[in-house]
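A.B. asks: Provided below are the primary sequence and the corresponding predicted coordinates.
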Amino acid sequence: MTHHPSAASLRLHGARLLFPPAATLLFLVLTEYIARGTLSGDTFVQYIFPHPEAYLLAWGLLFLVWMAVDWLTRFAPLATLLSALLGCLPATVDFYILQLRGEPFLPWDLMQVSEAAGVASAAGIHVQKSMVVSGVVVLALTVGSFFLYRGRQKLPWVQRLAGFAASTAATCALIFGVFLQPAVTQSLGILPDAWMQDRYYRYYGVITSFLTNLTNLEIDKPEDYSEEAINAILDDVEAGEKYTTSPVYPGSYAAQTPADEQVKQPTILYVMDESYWDVSELEQYGFQFDTDVSANLHALQQTSAYGRVYSPSFGGGTCDVEFEALTGYSVSYLPSGSKPYQQHVTKPMFALPSYLKTQGYQTAAVHCFWARYWSRDTAYPNLGLDDFISLEKMHGVQKVRRHYWTTGLVTDDSMADQIIGQYETMKAQSDAPIFLHAVTMQNHTNYNKDNYPDDQRVKVTEAPAGLKASTVGALEDFATGIRDADAMLGRLTDYFSQVDEPVILVFWGDHYNPIDSNYDIYTRSGYASGSSADPRLHQTTLLMWSNYSDRAVDLGTIAAYDISPVMMELFGLRQPAYFQFLGRQLRAAYRANTRGTILEKDGTASNELTPLQQKWSDEHWLLQYDLMFGKGYALSRMGLESIAEGAD
């Protein structure tokens, strides 16, 4: 007698077959819901539907994990919960990291887990609606799977292990054969985004973006790297220095002052101001403010070198800009999205501070946030910064902008106190010349008018039509920070103009940000386009002031990695051969070569290197590789072997 299954048992069997693909597909949707904070029709039309391959791969991974756990345990609720967590937990981390720094959750952030919680609490992180909804759905499906699979036929261990092995093998094949093979993912249409990891995640989703970024952890040695190649480049530098070339900046102090009369070892102060650019530029684009937010900057430009810094970052990645300015290395040669302080500055290496130490300088850094953020506590000593005054060591500082950051952010005015105080401490403890590097935090994203009381906030009195009230309010918040940064600049130049020793102050902004939720400030005014790759949104304000020269010099735009070579050239300071190379590159090749954009010598932007520019770029990478990762042949040529040993 043949036994035919009942309709009910067929339905149950069908439901059990459908549950894993359906549940994991829903988990994928929840992952994106959490990471983005919202899911609308536009999200699917603009980002998800144009890139189905990325989301199918992510779905496949969640499905295979569900199958592997279920085969091994035969406990469907555990398989359901673990596959949900595999998507939803990284998405939650991604959402918060994006709020904090404007960049998504990247593989190398796993090295920063311990400090992430402290940063999150400082920023006043709150549970989002998307997380609550997702939690309820996951819980319901987990419980539902218990009832759906209850009473399932037991299987022998051999069969279970075979199913587990097959599912695990398929999972590994997907990860190692697809996600971690750039040639494969690119052939599927998943294209790396050198400019903006945030945009990459929006297009391809959290899971696919995170896993494909794992391929960015390795640095490939240049094919022609050798001691002979390094020596040939430096031979060219030395030969070039022997014959007279006109200075890049003929009106500068060094160009106008006899060499034997030039100051040899001035105090050097670097101040990188968070999100700083001269927002009063918007007054040419239909905006008006109720005060002159850049009064000190504009006055100082009459007696200083001034221009713009071409930043590799937009909306985040402060440490990339800082790294370039302190070292002369370009992040463009490092894996897209990698963070040099966390991944690459892991041993003593050549940088401006370490070089100045060989010239007898004492060095220190001041930053008003946690020491371990961006791994500065380990990176700074490797760059030659001996003392580090971080937020943990600051007392009595004023804080503002508590709308997002519940504990507030240290004001630029308090940072002026910290910079002056650290300078005076260093003066008191040694007669050695000083290099002091400072990074501020007051004007960190996000912006909201509620960050300042009405009587303290800069007001926008005119704005282009069509801007939301929240966007105008966000601009008022941002402009207030610019006004306060300008006041700090005024305080510092007032103080250091009175000291009885020569001082150079280099002041610049790290990057532009979106102001409010999008680019309306830039697009509706015509200031810039709505693309984070727009070169206009990478040229922050730069000032190089000194208390012993009043020569106004228009620097134009220079790459962030050229800040130190240009500063040394302007003031006639003795440059290491690597900085001399960068100075010659600036003369001969381009003003910046950053993340796929070449700023030509005339200031126009392009995306293609000429053969001559390619040669300069290849030589830059050879020298940078040698100094960061290689044998240090250039250090020997420069007589700076002690740097690699971490010696004083």
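C.D. replies: Sure, I can see it.
A.B. asks: Might you list the low-confidence residue ranges for this protein?
C.D. replies: The chain contains residues with pLDDT under 70 at 1-4, 100-103, 108, 111-125, 193-196, 217, 243-247, 336-337, 646-648.
A.B. asks: Contacts made by the host helix or strand of Tyr522 with the rest, please.
C.D. replies: According to DSSP states H and E, Tyr522 maps onto helix 520-523. Contact with helix 520-523 is made by 282, 466-468, 471, 475, 515, 527-530, 534, 536-537, as judged by CB atoms under 8 Å, 6 or more residues apart in numbering. To be clear about C-beta, it is placed using only N, CA and C from the backbone, and glycine gets the same treatment.
A.B. asks: now swap in stretch 160-179 and tell me
C.D. replies: Outside of stretch 160-179, the residues within contact range by CB under 8 Å, 6+ apart are 57, 60-61, 64-65, 67-68, 71-72, 74, 155, 184-185, 188, 208, 211-212, 214.
A.B. asks: Just the buried residues of those.
C.D. replies: Buried by 16 or more other CB atoms under 10 Å: 57, 60-61, 64-65, 67-68, 71-72, 74, 185, 188, 208, 211-212, out of the contacts of stretch 160-179.
A.B. asks: ok, those residues vs Met349, which is closest?
C.D. replies: Thr212 (28.4 Å; CB to CB).
A.B. asks: Export the contacts of helix 520-523 to TSV and append columns for secondary structure and neighbour count.
C.D. replies: Output for the contacts of helix 520-523, formatted as TSV (DSSP: H, G, I helix; E, B strand; the rest coil; neighbours: other CB atoms under 10 Å):
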residue	secondary structure	neighbour count
Leu282	helix	22
Gly466	coil	9
Leu467	coil	20
Lys468	coil	12
Thr471	helix	22
Leu475	helix	24
Ile515	coil	24
Tyr527	coil	19
Ala528	coil	19
Ser529	coil	14
Gly530	coil	13
Asp534	coil	19
Arg536	helix	13
Leu537	helix	23
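A.B. asks: Do a quick rundown of the strands in the stretch 451-600 of the chain.
C.D. replies: Along the stretch 451-600 of the chain, counting by DSSP state E, counting those that start in this stretch, strands occupy 460-462, 503-509, 539-546, 553-559, 592-594, 597-599.
A.B. asks: wait, which of the ones you listed is closest to Arg372?
C.D. replies: Using CB to CB, the nearest of the strands of the stretch 451-600 of the chain to Arg372 is strand 503-509, at 23.7 Å.
A.B. asks: circling back: so, if you compare the buried ones among the contacts of stretch 160-179, which one comes nearest to Ala560?
C.D. replies: Thr212 (26.8 Å).
A.B. asks: element containing the closest one, please.
C.D. replies: Using DSSP H and E, Thr212 falls within helix 206-213.
A.B. asks: can you pull the buried residues of stretch 517-534?
C.D. replies: In stretch 517-534, counting by 16+ other CB under 10 Å, buried: 519-525, 527-528, 531-534.
A.B. asks: ok, now stretch 22-31?
C.D. replies: 23-31.
A.B. asks: how about JSON lines for those, with distance to Arg595 added?
C.D. replies: Shown next, in JSON lines, are those (distance: CB to CB, whole Å):
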{"residue": "Ala23", "distance to Arg595": "40"}
{"residue": "Thr24", "distance to Arg595": "36"}
{"residue": "Leu25", "distance to Arg595": "35"}
{"residue": "Leu26", "distance to Arg595": "37"}
{"residue": "Phe27", "distance to Arg595": "34"}
{"residue": "Leu28", "distance to Arg595": "30"}
{"residue": "Val29", "distance to Arg595": "32"}
{"residue": "Leu30", "distance to Arg595": "33"}
{"residue": "Thr31", "distance to Arg595": "28"}
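A.B. asks: Widest-spaced pair of these?
C.D. replies: Greatest spacing in these, by CB to CB: Ala23 and Thr31 (12.6 Å).
A.B. asks: quick one on the thing from earlier: give me the contacts around the helix or strand just after the helix holding Thr212.
C.D. replies: Downstream of helix 206-213, the next assigned helix or strand under DSSP H and E is helix 227-242. For helix 227-242, contacts defined as CB under 8 Å, 6+ apart pick out 577, 580-581, 584, 619, 622-623, 626, 631, 633-634, 637.
A.B. asks: again, 7 Å this time
C.D. replies: Residues outside helix 227-242 that contact it (CB atoms under 7 Å, 6 or more residues apart in numbering): 577, 580-581, 584, 619, 622-623, 626, 633-634, 637.
A.B. asks: Those: which two are farthest apart?
C.D. replies: Largest pairwise distance in the contacts of helix 227-242, by CB to CB, is 18.7 Å, between Arg584 and Tyr633.
A.B. asks: for Val553, what are its contacts?
C.D. replies: Going by CB under 7 Å, 6+ apart, Val553 touches 249, 251-252, 305, 570.
A.B. asks: Export the buried residues of stretch 22-31 as CSV, with columns for secondary structure and distance to Ser414.
C.D. replies: Listed next are the buried residues of stretch 22-31 as CSV, based on DSSP: H, G, I helix; E, B strand; the rest coil; distance: CB to CB, whole Å:
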residue, secondary structure, distance to Ser414
Ala23, helix, 52
Thr24, helix, 50
Leu25, helix, 51
Leu26, helix, 49
Phe27, helix, 46
Leu28, helix, 46
Val29, helix, 45
Leu30, helix, 42
Thr31, helix, 40
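A.B. asks: Tell me the one among these nearest to Leu543.
C.D. replies: Distance to Leu543, by CB to CB, is smallest for Thr31 among the buried residues of stretch 22-31, at 44.6 Å.
A.B. asks: quick one, what contacts that closest one?
C.D. replies: Thr31 makes contacts with 87-88, 91, 206-207, as judged by CB under 7 Å, 6+ apart.
A.B. asks: so who does the closest residue to it other than its chain neighbours touch?
C.D. replies: Nearest non-adjacent residue to Thr31, counting by CB to CB, 6 or more residues apart in numbering: Gly87, 3.5 Å away. Residues near Gly87 by CB under 7 Å, 6+ apart: 27-28, 30-31, 62, 207.
A.B. asks: now the angle between helix 206-213 and the helix or strand where Gly87 lies, please.
C.D. replies: Using DSSP H and E, the element containing Gly87 is helix 76-101. In terms of direction (axes from the mean of the first three to the mean of the last three CA atoms, to 10 degrees), helix 76-101 departs from helix 206-213 by 70 degrees.
A.B. asks: How about helix 76-101, which residues are buried there?
C.D. replies: 76-84, 86-88, 90-101.
A.B. asks: Also stretch 287-306?
C.D. replies: By neighbour count on 16+ other CB under 10 Å, the buried set for stretch 287-306 is 287, 289, 293-294, 296-297, 300-301, 304-306.
A.B. asks: on that earlier part again, which one of the strands of the stretch 451-600 of the chain lies nearest to Thr378?
C.D. replies: Here strand 503-509 is closest among these (CB to CB), at 24.3 Å.
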